[in-house]
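Student: let's see this in three dimensions:
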Amino acid sequence: MISDRLSHLQSEVKGYYDQLACQETAKRLTEDAQKVRLQQGIDKLKKELGSVERDYWERWRAEIRGLTIPEADAEIVASQLVGEVEFLEIEPAVQSNAALMKVLQEIKAELSKPGIPAAGKLKAAIPLLPGLISYEMELDTEGLLRRVFPTFCNFADKLKK
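Tutor: So this is what the prediction gives:
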């Protein structure tokens, strides 16, 4: 099924990766004076490897285009896939989507409350133990600023008018 050229390219790619691993190990273990020479060799190997890998993947692409699968084999593979998909547990994803929708509905309800503009609300969560415990708080930022800095807010209101 795989052509001789493709298997030859595959063995060449493996050979380049083996050489690259040896060169990188040698560089790590050698003196500083030799590291520059070894890095130049590594760079040259990477360039050659890139060229061979490109040829390898182009050859794969060409072979896949010409690939035909007999109907009987396709039916066997399809039935095995259906059997495997039936065992997948899809329910947690559906539950998490339902939980996400519930949170989004709560956010929408909070933002549409009358009296406090959405721009004046702040909800923050501080993780105490990440993934387990977090402290959540909600602030009316506009009301907080008016209580803490009344003079500044009065001055800002006068400038708006």
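
Student: what helix or strand is Pro127 located in?
Tutor: strand 121-129 (DSSP states H and E).

Student: any weak-confidence spans in the chain?
Tutor: The model of the chain has pLDDT under 70 over residues 1-2, 67, 81-96, 111-124, 128-132, 135, 137-145, 152-153, 155-156, 159-161.

Student: show me where it has its strands.
Tutor: 121-129, 133-140 (DSSP state E).

Student: nearest residue to Gln10 in space, please, no chain neighbours.
Tutor: Closest residue in space to Gln10, ignoring its immediate chain neighbours: Tyr56 at 6.5 Å, by CB to CB, 6 or more residues apart in numbering. Where C-beta positions appear, they are placed from N, C-alpha and C, glycine not excepted.

Student: quick check: that neighbour touching Arg5?
Tutor: No - using CB atoms under 8 Å, Tyr56 is not in contact with Arg5, being 9.5 Å away.

Student: so those two - more neighbours on which side?
Tutor: Legend: neighbour count by other CB atoms under 10 Å for Tyr56 and Arg5, higher for Tyr56 (18 against 13).

Student: quick one, what contacts that one?
Tutor: Residues in contact with Tyr56 (CB atoms under 8 Å, 6 or more residues apart in numbering) are Leu6, Leu9, Gln10, Glu12, Val13.

Student: how about Phe149?
Tutor: Contact analysis of Phe149 by CB under 8 Å, 6+ apart lists nothing.

Student: check the gap between it and Asp157 for me.
Tutor: Computed as CB to CB, to the nearest Å, the Phe149 to Asp157 distance reads 12 Å.

Student: ditto for Val77
Tutor: 71 Å.

Student: repeat that for Gly41.
Tutor: Separation of Gly41 from Asp157 (CB to CB): 72 Å.

Student: repeat for Asp43
Tutor: Taking CB to CB, one finds Asp43 at 66 Å from Asp157.

Student: show me which helix runs longest in this structure.
Tutor: Taking DSSP state H as the criterion, the chain has its longest helix at helix 32-65.

Student: go ahead and confirm Arg5 touches Arg59.
Tutor: Yes - with contact defined as CB under 8 Å, Arg5 and Arg59 form a contacting pair (6.1 Å).
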